[in-house]
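> sequence and predicted structure below; questions after.
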Amino acid sequence: MSGIKKAIASIRNVFSVADIRKKILFTVLIIVLFRFGSQIPVPFMNPKLIEGSFSVGILDFMNMLSGNALSQATLFALGISPYITSSIVMQLLCVAIPKLEKMSKDEEGKKTIQKITRYVTVGLALIMAIGYYMMLNNIDNAITPIEGHGFFTAVVIIASYCAGASLVMWLGEKINQKGIGNGISIILFVNILVSFPSYLVKIFRAIGGTMTTANGGTAQMEHWWIGTIIGILGLVFIIAMIAFMVFMSDSERRIPVQYAKRVVGRKMYGGQSSNLPLKVNMTGVMPIIFASSIVSIPATIAAFAGKTNATKGFWGLIANHFVTNTIPYTIVFLVLLLAFAYFYIAISFNPVEVSNNLRKNGGFVPGIRPGKPTSDYITRVLSKITFIGALCLMIVAGLPMIMGIFGQIFGDTDWYILTYFAFSGNSLLIVIGVALETVRDIESQMTLRHFKGFLE
């Protein structure tokens, strides 16, 4: 009861601050508007005829990230994928092109890069909308899901999807400006939560001995105990994963820092010991988002081109060996996850700048000379804990994908239910990471206003 009272008191403290209350309510308003837009149907579309195409594979993952909007053919079907991809492209260009790197270090340059990112987002949304329209034309159904043909129908559908993606980008930026947390992460968080009920239904059906088949239907399992055991173990695995992610997010490596004594006027400053905390999971959920977006590109292009059933040539290679629940897809995803963990640290944390700030304030790491030796030492420590953090992410995200591979190998047998867990690692990592980041954001704002922390 004391824990519940403390939680209620913390929430009361949060809403007692007018500024934070406005930000939270504004974020909730944007989420409501986003969910409303996710229910607006696109003209000339019949979602009932395309739902079965999103029951498995890469389209299922894309559908989950869009909050089921993709399978329902609604205005926000493309979700935040164009904006995430454009952000990745611009961050890579900022590292590769010195002029963009210089621009990213001043305020006006950041505004220019953000404007370019918006233009790239619209361009990618247009390409994806065209590809999605082509994919719908190639769906193998007796009746096409597009009600009507011709140039006008195509323009309306493509323009609707492109406008929806642009509006999602605008909503995400509004959360950044006037709300709580990162706008992209919040929208992705909401989309995944919306998809969770159907995911849990699959698991509880499996516990009851009913299997959800690859085409979206249901079938009674031959050995009901298989579903019961796997379903219960899966729920235990999810709870353990949540606890592990929370523990990992709070873990940190503290580098001791000693401040030298100095006299300013008649007062003496310094002479104190402190530490430089480096979190194990400093990258948060961004490597997961980046890796998922990049590794999905080949299969997405194949789906948009209507080549998902190809058996030979380049498209056959993609369709058979580079989709979810395959070994090549899992290996590439895990390698990209490790690479993006280091990449995101490289663009978000500068050891040289930290070392210079310590030297300016009279601080030093005991046993390490100030200046370059200190920055090199911080870089070595950061590299080690980044690897540990990335390895933890790879384990949590990779185990469910390996389970999905085994489920796919067993095909339509009772063990096919293992594929239900293929996306649980990625989705849970994103949900937990975004929730913790948002709580920390509220915590920091509460601390600035001299309140006890939201987590206390």
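Received it, and whenever you're ready, just let me know what you need. Residues are numbered from 1 along each chain as shown.
> all helices of the stretch 351-456 of the chain, in order?
351-360, 372-410, 424-448 (DSSP state H, counting those that start in this stretch).
> out of those, which gets the lowest mean score?
Ranked by mean pLDDT, those bottom out at helix 424-448, with a mean of 77.
> by contact count, what packs against that one?
helix 2-16, helix 18-37, helix 183-207, helix 224-250, helix 286-295, helix 372-410 (3 or more CB pairs under 8 Å, 6 or more residues apart in numbering; DSSP states H and E). Quick note: C-beta positions are derived from backbone N, CA and C, even for glycine.
> next, the angle from the shortest one to helix 424-448.
To tie it back to what came earlier, the one meant is helix 286-295. Helix 286-295 and helix 424-448 meet at an angle of 140 degrees, taking axes from the mean of the first three to the mean of the last three CA atoms, to 10 degrees as the criterion.
> in CSV: the helices and strands packed on helix 424-448, plus mean neighbour count and distance to residue 258.
Converted to CSV, the helices and strands packed on helix 424-448 look like this (neighbours: other CB atoms under 10 Å; distance: least, CB to CB, whole Å):
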stretch, mean neighbour count, distance to residue 258
helix 2-16, 11, 35
helix 18-37, 15, 36
helix 183-207, 19, 37
helix 224-250, 16, 25
helix 286-295, 24, 33
helix 372-410, 18, 12
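> using the three-state scheme, assign the closest residue to residue 438 other than its chain neighbours.
With CB to CB, 6 or more residues apart in numbering as the criterion, residue 438 has its nearest non-adjacent residue at 4.0 Å, and that residue is residue 181. Classification of residue 181 using DSSP: H, G, I helix; E, B strand; the rest coil returns coil.
> contacting residues around the residue nearest to the spatial centre of the chain?
Taking CA atoms, centre = their mean as the criterion, residue 289 is the residue nearest the geometric centre of the chain, at 3.7 Å. For residue 289, the contact set (CB atoms under 8 Å, 6 or more residues apart in numbering) comprises 84, 184, 185, 188, 430.
> right, and the second one touches residue 171 too?
No. Residue 184 sits out of contact with residue 171 when judged by CB atoms under 8 Å, with a separation of 9.9 Å.
> any chance you could map the strands in the stretch 51-200 of the chain?
Counting by DSSP state E, counting those that start in this stretch, the stretch 51-200 of the chain has no strands to list.
> in JSON lines, list the contacts of residue 289 along with distance to residue 66.
Below are the contacts of residue 289 laid out as JSON lines (distance: CB to CB, whole Å):
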{"residue": "84", "distance to residue 66": "12"}
{"residue": "184", "distance to residue 66": "13"}
{"residue": "185", "distance to residue 66": "15"}
{"residue": "188", "distance to residue 66": "10"}
{"residue": "430", "distance to residue 66": "13"}
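> looking at these, which gets the smallest pLDDT?
Lowest pLDDT among the contacts of residue 289: residue 430, 77.
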